[in-house]
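Asks: Predicted coordinates and the sequence they were generated for:
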Amino acid sequence: MEGPWLSEHEASKKLGVKEETLQLWREVGYLKPGTHWRSSLNSDSSPWKPEVIYHLSWCEEEIDYWLSEDAPINKFAA
């Protein structure tokens, strides 16, 4: 995949966290839909479990922000 959007697997590797951690950060609202992540247009994924893709640099900015605010982001890690 090219461009700023990466698969969940690629994003987790680049950010140094587990894929489950990214999922938790989405669920608690640290990463916002449409900005930090979105569902992929991959037609091979099932409609009930679409592939999620992440905008790497925007995720990095958001994670840095939460860490600078002493948010418990590390407590929401898988």
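Replies: Yep, it's here.

Asks: quick one, helices of the protein?
Replies: According to DSSP state H, the chain carries its helices in the segments 8-15, 19-28, 56-68.

Asks: Residue 37 is nearest to which of these?
Replies: Among these, the nearest to residue 37 by C-beta to C-beta is helix 19-28 (6.0 Å). Backbone N, C-alpha and C define where each C-beta goes, glycine included.

Asks: tell me which strands and helices that closest one is in contact with?
Replies: helix 8-15, strand 52-55 (3 or more C-beta pairs under 8 Å, 6 or more residues apart in numbering; DSSP states H and E).

Asks: can you list the helices of the chain in a markdown table and add mean pLDDT, distance to residue 39 and mean neighbour count?
Replies: Formatted as a markdown table, the helices of the chain follow (pLDDT from 0 to 100; distance: least, C-beta to C-beta, whole Å; neighbours: other C-beta atoms under 10 Å):
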| stretch | mean pLDDT | distance to residue 39 | mean neighbour count |
| --- | --- | --- | --- |
| helix 8-15 | 94 | 11 | 16 |
| helix 19-28 | 92 | 11 | 16 |
| helix 56-68 | 91 | 16 | 15 |
